[in-house]
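J.: Provide a 3D model corresponding to the input given below.
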Amino acid sequence: MSVSKATKDLYKNTLLSLAKARPLSRITLKDILDCSQTAKQTFYNHFADKYTLINYVLYDFVEGIEKTRAMRSYQGVLSVLNFTKENSYFFSAMVKNDNPCNFPEFYYRWCVDYYTGALHKEYGLKAISPAIKIAIDFYCHGAVGIYIDWIQSGMVEAEELIAETIINSRPEALAFYFPIDDSRGCSS
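T.: Prediction:
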């Protein structure tokens, strides 16, 4: 891991830790610097402001999902939900309407790009049929909607139920391209 990545991850972990104790809107740069025991210039060498740090946290989150192919298995979706619950204060702040980062739209767009990109990369499809585009759009709206609703409702439903619901909501048109990677027993 590069020094730059390690420093960015220090700030990411600091922000996630601070978000457990106070609302994200009340976390200041001074709080981040005090907790991480770093200088202001070090922060500015990596981020323009708190919101660029928040965006980094979100991109790191979806990058982890992409690397592990978490959206393709029950266990993967469950791990995303567990991470979300462990960092519930951060994600609860992310789904509020007054958040300038617009996490629901960001996550939906990423989800569509993820599945579309996978079809191009893994199957070499130059063009995606309208039916598959609609299926991807439908699935991403549904999966992200279930996820966001779960966060907004205080994450009271069991993660296992939400993971199974997300996996089982996948349209049949996507089953060939995105089979479930594990033997969890979720129907496709």
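J.: in this protein, which spans are helices?
T.: Under the criterion DSSP state H, the chain carries helices at the ranges 3-19, 29-36, 40-46, 50-68, 74-86, 88-94, 103-123, 130-152, 159-168.
J.: low-confidence ranges in the chain?
T.: 97-99, 182-188 (pLDDT under 70).
J.: The helices of the chain: which one's closest to residue 177?
T.: Residue 177 lies closest, by C-beta to C-beta, to one member of the helices of the chain: helix 103-123, at 6.1 Å. Glycine gets a C-beta too; all of them are placed from N, C-alpha and C.
J.: Residue 163 and residue 179: what is the separation?
T.: In this view, residue 163 and residue 179 are 16 Å apart by C-beta to C-beta, to the nearest Å.
J.: quick one: the nearest residue to residue 68 once chain neighbours are set aside and residue 83, what's the gap?
T.: Of all residues not flanking residue 68 in the chain, residue 76 sits nearest, at 6.1 Å (C-beta to C-beta, 6 or more residues apart in numbering). Relative to residue 83, residue 76 is positioned 11 Å away (criterion: C-beta to C-beta).
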